[in-house]
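Trainee: coords please:
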Amino acid sequence: MDAKILCLAVLSRGPASGYEIKKRLEQPPHALFQDTSFGSIYPALRRLAEEGAVSAEPLVEDRRPAKKIFSLTPLGRERLIAALGQPPQPDRLRSDFLFTLLYGDLLPPPLLLSIIDARIAELEGKLAWMEDCEPSITSPSGAFLHGLGLAYYRSCLDYLRQNRPRLAAELQGPVQEPHDRAAE
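Mentor: Numbers count the residues shown, from 1 in each chain. From the prediction side, this is the model:
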């Protein structure tokens, strides 16, 4: 999704400043799916305002710089729904962890295994967080997504736990048989 659609999506949940939009996009669940920057959010909001998809109201606060609060307009809601209704592009998996595994044969085995152990701990933490947030999910599609996320993380965690010992054994290399002196 481009930055304009991401901004419209966040604004569909209520008015927000550009900074608040960025913060929401940096936190779960948004950060699990998309990545964007301040450098793309503010130009996207400017273009959306020019197109009439969002409105902007200045907010003046004591001892703080003025900021704009953006709201979704009916045109913006229509554009968001039209964009969400399009077939999604295929997922692009970008992962430093998977890239590290691709070249893991270049690393000392203990380091590679410690990287896998760290990923296991990270996945355990994500699963715990997701299980804790389950009661706050109210929409059917949100509950469906939550279940898919749990299945994904559990599957990755199960694979790493089940296959780490095999990899550790393979990294040690073939077992050297003691030299058979009787054969000499």
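
Trainee: Now do the contacts for Asn153.
Mentor: Rather than Asn, residue 153 is Tyr. With C-beta atoms under 8 Å, 6 or more residues apart in numbering as the criterion, the residues that contact Tyr153 are Leu123, Lys126, Leu127, Met130. For glycine as for every other residue, the C-beta is placed from the backbone atoms N, C-alpha and C.

Trainee: Buried ones in the one helix or strand it maps to, by neighbour count?
Mentor: When secondary structure is defined by DSSP states H and E, Tyr153 falls within helix 140-171. Under the neighbour-count criterion of 16 or more other C-beta atoms under 10 Å, helix 140-171 has His146, Gly149, Tyr153, Cys156, Leu157, Leu160, Leu167 buried.

Trainee: And the nearest residue in space to the first one that is not next to it in sequence, what's its pLDDT?
Mentor: If the residues on either side of it in the chain are set aside, His146 comes closest to Ile137, at 5.2 Å by C-beta to C-beta, 6 or more residues apart in numbering. Looking at Ile137, its pLDDT stands at 72.

Trainee: mind giving me the domain ranges of the protein?
Mentor: 3-84, 96-171 (automatic domain parsing).
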